[in-house]
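**Student:** Curious how this folds, go ahead:
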Amino acid sequence: IGYYGSKVTAPCARNIMEESLKYLGYYPEYTETEYKELDVPVPLLLDEDVAKAQETLEALGLKYQVVGDGEKVVGQCPSTGLSISPEGTVILYTVENYMPDKVEVPDLQGFTATDANEALTNRGLNYVAVGASTDRSDVLVLSQSIEAGEMVEVGTVIQLTYFVNDQTG
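**Tutor:** Model (predicted):
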């Protein structure tokens, strides 16, 4: 993948514009479809009964995986405050001194949004998309927040920055 000025600067410019417009009182408006595709903030589930934590995640449309057979949530991944894609999974740990599974982060640079999603989902990882809209077929991963080859906890959130591969620079 060749680097052109627009591919590198567009994500930064987008962030500046988003923050500037919010400061000026302009907020995004979404269609129903767009709203359903927005990233979902992960709630605080520690010390909750497992059943209540499951209800909370289901109400947000998130998947979950329970590790252990305890009655209370003693750990979670991703942690509260992070956002994940609507098809993301939250890992709920219910046993003290749990040892989370680790997986290797794949190299996603140049992947389409669909292929990147599949590669991460197959490893039990979550992601958030930044940059170009991922519903186009010519959108590719420009960068990722965690380097390829790094070992991370299952459920970790990786930020993927996308660009439109229009070959015109």
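**Student:** so Leu160 sits right up against Leu140, yeah?
**Tutor:** No. Leu160 sits out of contact with Leu140 when judged by C-beta atoms under 8 Å, with a separation of 10.0 Å. C-beta coordinates here come from the backbone N, C-alpha and C atoms, glycine included.
**Student:** The closest residue to Glu147 other than its chain neighbours: how many residues sit nearby?
**Tutor:** In this structure, Glu147 finds its nearest non-sequential neighbour in Val105, 6.8 Å apart by C-beta to C-beta, 6 or more residues apart in numbering. In terms of burial, Val105 registers 20 neighbours under the definition other C-beta atoms under 10 Å.
**Student:** ok, now how distant is Asp49 from Tyr127?
**Tutor:** Distance from Asp49 to Tyr127, counting by C-beta to C-beta, to the nearest Å: 29 Å.
**Student:** swap that for Asp135, please
**Tutor:** For Asp135, the distance to Tyr127 - C-beta to C-beta - is 15 Å.
**Student:** Neighbour count for these two, which is higher?
**Tutor:** Of the pair Asp135 and Tyr127, Tyr127 is the one with more neighbours under other C-beta under 10 Å, namely 25 against 11.
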